[in-house]
Every structure is written in structure tokens, then in C-alpha cells.
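Asks: quick one, fold the following:
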Amino acid sequence: MDMNFTIPVNEAFEQSAADHARGCPLCALYRKLEEDELDLILGASMMEPDIRIQTNRKGFCRLHYDLMFTRKNRLGMALTMESHLDEIAHDLRDGGLGGGKGNKPIKRIGELEASCYVCDRIESNFEKRTDTAVYLWDTDEDFPKKLQAQPYFCLPHYRKLLEYGQKRLGKKKLPEFVRECETVTATYLQSLQTDISWFCKKFDYRYADEPWNNSKDAVERTIRFLRSDKHTR
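Replies: Sure thing, here's the model as predicted:
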């Protein structure tokens with residue numbers, strides 16, 4: 001297994017185990033990948049011919065256009081957009097005045113709406129990191145303890161872990177892996193249920209003078225658990 005994958009996975013699991021406020025370690029890995037890709041596309045990768053070919057073809061989703069814009073490198077964005085617009089202008093020509101039926105722009109714009117260079121890069125690398133987490137659980141004697149010490153796995157990433165567990169682990173080891181992942185997830189889910197229920201009760205006048213306990217941010221934490229703590233387009 002490539003050390004480029006094992007090191008960041010180990011670090012993410014160690015950091016979330018040490019500080020539960022960091023949340024799901026796979027969400028942290030995803031966010032780091034996103035930050036790295038955005039930095040690269042507005043920096044070192046921007047003028048590389050093979051990268052430019054891909055960005056011209058795929059473009060970016062609205063979310064990643066917005067996130068690139070917040071980095072305040074407008075020249076970098078403009079240079080990328082310049083060649084992207086040139087390719088789009090070429091691709092949308094549909095036979096001139098009255099000569100086309102609209103099929104070419106329909107197809108090309110549909111492709112653009114479904115593609116994003118940054119999303120594709122993140123997803124490809126994230127899949128490898130999720131697989132690496134299962135690999136480490138199987139081969140590194142210290143990693144199961146790190147997994148068991150996690151604050152939680154959000155539901156989308158809990159599913160990912162189980163899927164990669166099924167792909168990588170044999171019949172003897174899979175049940176143990178599933179049990180450990182389930183224990184982490186079920187424990188947090190139970191605490192969320194308690195907190196969200198108490199949050200609801202606090203809006204009943206009969207509980208107005210009772211303490212909030214751990215429920216003040218229960219809605220936010222529930223969203224992160226249900227849908228992950230990462231940007232989504």
C-alpha cells in the first residue's frame with residue numbers, strides 16, 4: 001500500500017481520536033483533499049497542459065467555482081476560464097444559422113452540468129483513502145484501536161467503510177470489522193437521539209428552566225452525521 005495514502009489516513013484517525021470535536025475522520029480526509037485540489041488548480045497545476053486539457057473539457061461545478069473565487073486568485077481563475085470558454089464556444093456550434101437541431105449544445109451542456117474537475121479528483125483520491133483505512137485495519141495491529149476510538153462515522157462514510165470492508169476483507173475478518181464500525185456509529189447515534197430529543201423538549205415551557213446539557217448544537221451535529229461534514233454540490 002502506498003505510504004502517500006497510509007500516512008494521511010493514520011493522521012486523520014489519530015487526530016479525531018484525540019479530539020472528538022474534529023468529528024468523522026473520513027470527512028476530515030475529504031476536506032483536506034478538497035483544500036489541496038483547490039490550491040493546486042489555482043497554483044502549480046493551472047498552466048500544466050495535460051491539466052488544462054481536462055479542465056477545458058470538464059469545467060467545474062458551481063460549488064467549486066465559488067470556493068475558488070473565495071481564494072481571491074481572480075487571474076488564475078480567469079486564465080483557466082479563458083481556454084475553457086474557447087473550447088465551449090467551439091463545442092456549441094451546431095451548424096450555423098438555421099443549420100442545426102440543437103443536439104450538439106444539448107449534449108455538451110449536459111456533460112458540463114454533470115462534470116467537475118475538482119470533484120472528480122477528490123472522489124478518485126478519497127476512494128483510495130477509504131480503501132486504505134480498511135487495509136490498515138487489516139494489517140496494522142494498532143489501527144483497530146484508532147478506529148474504535150473515533151467519535152463517530154457519518155452515515156455516508158459509514159456506508160463507504162462497510163462497502164470497502166466487503167471488498168477487501170475475508171469472511172473471517174469482515175464480521176469483526178463491521179461490529180467495530182457499527183459500535184462507533186451506533187453509540188454516537190444513540191447520543192444524538194438523546195440530544196435532539198432534549199433540544200425539542202427545551203421549547204416546551206415545562207422545560208424552560210432546565211439546562212440545555214449537550215443539546216444546543218444537536219441540530220448541526222445531526223446534519224453532519226446524516227449528510228457528512230463536507231461541501232456538497
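Asks: following the longest helix anywhere in the chain, which helix or strand comes up?
Replies: Longest helix of the chain, by residue count under DSSP state H: helix 174-201. Downstream of helix 174-201, the first helix or strand assigned by DSSP states H and E is helix 218-227.
Asks: can you pull the buried residues of that next one?
Replies: Within helix 218-227, the residues that qualify as buried by neighbour count (16 or more other C-beta atoms under 10 Å) are A218, R221, T222, R224, F225. Glycine gets a C-beta too; all of them are placed from N, C-alpha and C.
Asks: name the helices or strands packed onto the longest helix of the chain?
Replies: Helices and strands touching helix 174-201, by 3 or more C-beta pairs under 8 Å, 6 or more residues apart in numbering; DSSP states H and E, are helix 117-139, helix 143-148, helix 155-168, helix 218-227.
Asks: would you list the ones you listed in JSON lines and tack on mean pLDDT and distance to Y188?
Replies: Converted to JSON lines, those look like this (pLDDT from 0 to 100; distance: least, C-beta to C-beta, whole Å):
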{"stretch": "helix 117-139", "mean pLDDT": "96", "distance to Y188": "17"}
{"stretch": "helix 143-148", "mean pLDDT": "98", "distance to Y188": "13"}
{"stretch": "helix 155-168", "mean pLDDT": "97", "distance to Y188": "10"}
{"stretch": "helix 218-227", "mean pLDDT": "95", "distance to Y188": "7"}
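Asks: of all those, which one is nearest T6?
Replies: helix 117-139 (5.8 Å; C-beta to C-beta).
Asks: ok, and what's touching the closest one?
Replies: With contacts defined as C-beta atoms under 8 Å, 6 or more residues apart in numbering, helix 117-139 is touched by 1, 5-6, 8-10, 13, 26, 29-30, 33-34, 37-38, 41, 54-55, 58-61, 64, 143-144, 147, 157, 160-161, 164-165, 167-169, 173, 177, 180, 233.
Asks: please indicate which of these are buried?
Replies: 5-6, 8-10, 13, 26, 29-30, 33-34, 37-38, 41, 55, 58-61, 64, 143, 147, 157, 160-161, 164-165, 168-169, 177, 180.
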